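>>> Quick one, what's the 3D model for this:
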Amino acid sequence: MRDYLLALIVVVLVPLIVRYAWIGILAWFWVGLFAPQWHTWTFMRGAPLATYFGGATLIALFLAKDRKPFPFTRETVMLFALAAYFAMTSHFAVNSSGAWDFWIHFMKILLITFITPLLIYGERRIVWLLLVITASLAFYGFKGGIFALQTGGAHMVLGPVGSYLSGNTYIGLAMLMVLPLILASARMFHHQWVDLGFDLLRRFSRPISWFLYGVFWLTAIAILATHSRGAFVGLLAIVPLLFWHMQRKWLMVGVGFFLIAVVGVTAPEPLVERWQTIETYEEDTSAMQRIQSWGVAWNMALERPLTGMGFRNAALGYEWWIGYANFEGGWRHVLSPHSVYFGILGQHGFGGLTVFLLLIAFTFHTLNRVRRTARQRTGEIWLSEYAWALQIGLVGYLISGIFLDVAYFNLLYAFIALTVIMRRELEQAPLAATAPASARPSASEPGSDAGPEPESEPAPTGKDTVMSGTLMGPSSSRG
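You can find the predicted model right below:
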């Protein structure tokens, strides 16, 4: 039944994408992150849905009359530089054929990243893309959180079998990155900052926000239940940032103290044992494999500082790979760099790592600028809130990425594309002095960071009236 339902969705979406190109961006990220084909059992299992939706989007792009000019920002320039640099390292790669195959795969991700700002603009389209990305991974947080509570955290939360997110470390990182987005989405529905074009959503916005708050906490539990130490360290890094952003902090502290001291809630023993290996890493095989792999990547970069060894260099085999190790343990394992930074270092040298880090630094700085200025400059609270969420999600990626090989994760490049889009939205929006008043967050929201606000909210004007148009037509928002 799932196969027929998914096939029907594809049949409906493809012509819809040809008619409304921006829907194709939403569909591509949905299949790339949610991986619906891996939830089926027969003829649709493993179907190349990204190819179907990506091809339809490319066709629609040439037919679309409402696309925007390509935004040349420092982020997009660095993306071009990254693609060119990786092409150079693929030319000099020790495994040339394998390197070019992966380069083509990576270019498909970058192609969608470049197309996204052409078709996604205006608050409605931007928020719909954010919601699709959030919901695609929040599903696993909701499901995994309930599973963890039912089993007492004794079993790992995993992603869909066969997909890129099947491993516990990858699904843990993905949920970590969208955790702040779930919170921002809950606040957006609570305050109705954006009209999404459906009266039903507006009517039930409060219940939707309450549900999303619940999903937020379930996702946090699911991240812990992945038993991924990398995701755990990343969660520790962003928890203070999330906590600082919330209101009623002492209430949450009190509830936590009650659950631990009075009820006696404790972390499951399998999780505690897993986390304790962080302190005794010398005795843990998995940790020592990482240290061995980092040494291999470092030595590869020292030998070829500008080009590295190229994509898929480990395909040359264990005997070649172990020749770059500082020590050899009593194991043979998957030859992975186990780190974003060491992975790029070994594959593309110090030059490739520099380009990548500059891209991340520019993205982080732009998000920080949007977060700090959008609310005061344009009065668009949603823009500031989602910029904050992307920024915190990026922090989680950067910390967890020390231990996980996820340099080419499509969610990272979705964050970069959204950063470019939100920067353009900020720059093209009218100043707050001339813009219509936006709804202010109330202090009654559970888990919000809103300070004391007036009891009454300004009535909808201007922008709210404009946003009542149809969903499928050209976006009526600015852009």
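>>> Can I get stretch 404-420 as CSV, trimmed to CA atoms?
Extracted in CSV, the C-alpha atoms of stretch 404-420 (Å, rounded to 0.1, in the frame of the first residue of the first chain):
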residue,chain,number,x,y,z
LEU,A,404,31.4,12.4,12.0
ASP,A,405,32.1,12.2,8.3
VAL,A,406,29.3,14.4,7.0
ALA,A,407,31.1,17.0,4.9
TYR,A,408,28.8,16.4,1.9
PHE,A,409,25.5,16.2,3.8
ASN,A,410,22.8,17.9,1.7
LEU,A,411,21.2,19.4,4.8
LEU,A,412,24.3,21.6,5.3
TYR,A,413,24.0,23.0,1.8
ALA,A,414,20.3,23.5,2.3
PHE,A,415,21.3,25.7,5.3
ILE,A,416,23.7,27.6,3.0
ALA,A,417,21.1,28.2,0.4
LEU,A,418,18.6,29.4,3.0
THR,A,419,21.2,31.8,4.3
VAL,A,420,21.7,33.4,0.9
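>>> next one: that stretch to chain centre, how far?
6 Å (C-alpha atoms, centre = their mean, to the nearest Å).
>>> again with stretch 91-99
29 Å.
>>> got the CA coordinates for that stretch in PDB?
The C-alpha trace of stretch 91-99 is given here as PDB (Å, rounded to 0.1, in the frame of the first residue of the first chain):
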ATOM      1  CA  HIS A  91      41.900  15.400 -11.500                       C
ATOM      2  CA  PHE A  92      44.900  14.600  -9.400                       C
ATOM      3  CA  ALA A  93      43.100  12.000  -7.300                       C
ATOM      4  CA  VAL A  94      44.800   8.700  -6.600                       C
ATOM      5  CA  ASN A  95      41.500   7.000  -7.500                       C
ATOM      6  CA  SER A  96      40.600   9.100 -10.500                       C
ATOM      7  CA  SER A  97      37.500   7.300 -11.700                       C
ATOM      8  CA  GLY A  98      36.000   7.000  -8.300                       C
ATOM      9  CA  ALA A  99      36.800  10.600  -7.500                       C
END
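>>> which parts of it are buried?
By neighbour count on 16 or more other C-beta atoms under 10 Å, the buried set for stretch 91-99 is 93-95, 98-99. For glycine as for every other residue, the C-beta is placed from the backbone atoms N, C-alpha and C.
>>> In helices, which of those residues appear?
Taking DSSP state H, the ones among those that sit in helices are 98-99.
>>> For the buried residues of stretch 91-99, could you give me CSV that also reports distance to Ala184 and pLDDT?
Listed next are the buried residues of stretch 91-99 as CSV, based on distance: C-beta to C-beta, whole Å; pLDDT from 0 to 100:
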residue, distance to Ala184, pLDDT
Ala93, 40, 96
Val94, 44, 95
Asn95, 42, 93
Gly98, 40, 92
Ala99, 38, 95
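>>> quick one: which of the buried residues of stretch 91-99 is nearest to Phe34?
Gly98 (28.4 Å; C-beta to C-beta).
>>> Thought Phe311 was touching the closest one, still the case?
Yes - applying C-beta atoms under 8 Å, one finds Gly98 in contact with Phe311, separated by 6.5 Å.
>>> Need the phi and psi values for Leu158.
Here is the backbone geometry of Leu158 (degrees, to the nearest 10): phi -120, psi 160.
>>> give me the number of residues near the closest residue to it other than its chain neighbours?
Leaving aside its sequence neighbours, Leu158 sits nearest to Asn168 (C-beta to C-beta, 6 or more residues apart in numbering; 5.5 Å). For Asn168, the count of nearby residues is 19 (other C-beta atoms under 10 Å).
>>> out of all of them, which helix in the protein is the longest?
The chain, longest helix under DSSP H: helix 340-378.
>>> Quick check: the farthest pair among the buried residues of stretch 91-99?
Maximum distance among these (C-beta to C-beta): 9.3 Å, for Val94 and Gly98.
>>> Could you tell me the phi and psi values at Pro160?
phi -60, psi 130.
>>> er, Thr226 I mean
The phi/psi pair for Thr226 (degrees, to the nearest 10) is phi -70, psi -20.
>>> Start at 26, not 1
Sure thing, new numbering starts at 26, so read that last one as Thr251.
>>> Please look at it and Met181 and confirm they touch.
Yes - counting by C-beta under 8 Å, Thr251 touches Met181, with 6.0 Å between them.
>>> ok, those two, which is more surrounded?
Thr251 (30 against 20).
>>> The more buried one: what's its closest spatial neighbour, skipping adjacent residues?
Gly197 (3.6 Å).
>>> Summarise which helices and strands the strand or helix carrying that neighbour is packed against.
If you go by DSSP states H and E, Gly197 is part of helix 193-216. Applying 3 or more C-beta pairs under 8 Å, 6 or more residues apart in numbering; DSSP states H and E, we find helix 193-216 packed against helix 147-176, helix 230-250, helix 254-270, helix 406-425, helix 435-453.
>>> Near Ile369, how many other residues are there?
Ile369, neighbours per other C-beta under 10 Å, totals 27.
>>> which ones are touching Phe387?
Residues near Phe387 by C-beta atoms under 8 Å, 6 or more residues apart in numbering: 99-100, 103.
>>> Please tabulate those residues in JSON lines, including the columns distance to Ser318, pLDDT and neighbour count.
Below are these laid out as JSON lines (distance: C-beta to C-beta, whole Å; pLDDT from 0 to 100; neighbours: other C-beta atoms under 10 Å):
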{"residue": "Arg99", "distance to Ser318": "32", "pLDDT": "95", "neighbour count": "16"}
{"residue": "Glu100", "distance to Ser318": "29", "pLDDT": "97", "neighbour count": "22"}
{"residue": "Met103", "distance to Ser318": "27", "pLDDT": "97", "neighbour count": "21"}
